[in-house]
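Participant: Pasted the sequence and its predicted model underneath.
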Amino acid sequence: MLDYLTVKVRKKLNRDFFAGPTVDVAPKLLGMSLVRTLPSGQVVRAPIVEVEAYTQDDPACHAYRGITERCRVMFGPPGFAYVYFIYGMYYCLNVVTECEGTPGAVLIRALGITGAEGPGKLCRHWQIDKSLNGADLLDQSSLLYLEPGTEYGCDQISVTERIGINVARERPWRFFVTGHAHVSGRKRGTAGAKREKAVLLQ
DNA sequence: TTTGCGATTCGG
DNA sequence: CGAATCGCAAAG
């Protein structure tokens, strides 16, 4: 049942919104819908329920040591997709943040649907690969774009350290919808599972 | 050119 | 805990 006191609906998406500080933008992506046109032509959509922030001064960020061919789009204007290949078999999807010239991105870690719990799994589920690197996520004619959706309040968002990195592990830059059944990680976020060690925003 | 490893996932 | 699997970027 919706809580009408704290759940709002974001009316529009504009590029300035994504130009903000990455760590501020990241939790605000929770609840937005991702819309994907599959190679078959079928259009699918699902809400974002888990994200992680990566910034220029962050050793875990691909742009930490400057611009390279791989992370080039992170230095471009905000609101575009940064897709990279990892571990020889998975792709990961990010939303570019910060003003043009300053790198930053938010890793989309999970969608609120079965089969898209985890950054590698969601790209596999929706056949997202490097052909979508640089796609304009604010353009509804893109094969992948964002739509306004549920706007969660601070009291519904949990924060923890990021997953799967070995440097700057202590930064609390992973955000997810508290208690959501499709948050990634083994036995994590599922109903009845051991409660994850997490703190609430604010 | 070579080499070590990674913003992951799955099975044992 | 380790294998799968290969592009990327730092080192030589």
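Facilitator: Noted; the coordinates are in hand.
Participant: Quick check: closest non-adjacent residue to the residue most central in space within chain A.
Facilitator: Centroid check for chain A by CA atoms, centre = their mean gives A:Ile108 as the closest residue, at 2.4 Å. Leaving out its chain neighbours, the residue that sits closest to A:Ile108 by CB to CB, 6 or more residues apart in numbering is A:Leu93, at 4.9 Å. Backbone N, C-alpha and C define where each C-beta goes, glycine included.
Participant: Spell out which helix or strand contains the one you found, please.
Facilitator: Using DSSP states H and E, A:Leu93 sits within strand A:90-96.
Participant: Quick one: residues in contact with that strand.
Facilitator: A:18, A:25, A:29, A:54, A:73-74, A:76-86, A:104-108, A:119-120, A:122-124, A:128-130, A:132, A:137, A:144, A:146 (CB atoms under 8 Å, 6 or more residues apart in numbering).
Participant: just checking, the residue nearest to the centre of chain A touches A:Ala53?
Facilitator: No. Assessed by CB atoms under 8 Å, A:Ile108 is found out of contact with A:Ala53, at 11.5 Å.
Participant: what about stretch A:85-101 and DNA strand B, touching?
Facilitator: Yes. Stretch A:85-101 is in contact with DNA strand B by CB under 7 Å from any atom of the strand, via A:86-90, A:92, A:94.
Participant: Quick check: mean pLDDT of the one helix or strand A:Cys123 maps to?
Facilitator: Assigned by DSSP H and E, A:Cys123 falls within helix A:119-125. Across helix A:119-125, the average pLDDT comes to 98.
Participant: what helices or strands is it leaning on?
Facilitator: Secondary-structure packing of helix A:119-125 (3 or more CB pairs under 8 Å, 6 or more residues apart in numbering; DSSP states H and E): strand A:90-96, strand A:104-111.
Participant: Count the neighbours of the residue in chain A positioned nearest to DNA strand B for me.
Facilitator: Residue of chain A nearest DNA strand B, by CB to the nearest atom of the strand: A:Gly164 (1.7 Å). Taking other CB atoms under 10 Å as the criterion, the count of residues near A:Gly164 is 16.
Participant: From A:Leu144, how far off is it?
Facilitator: Going from A:Gly164 to A:Leu144 by CB to CB, to the nearest Å gives 23 Å.
Participant: A:Ser158 should be in a strand, yeah?
Facilitator: Yes. Looking at A:Ser158 with DSSP: H, G, I helix; E, B strand; the rest coil, it is inside a strand.
Participant: Do I have it right that it meets A:Thr178?
Facilitator: Yes. Applying CB under 8 Å, one finds A:Ser158 in contact with A:Thr178, separated by 4.5 Å.
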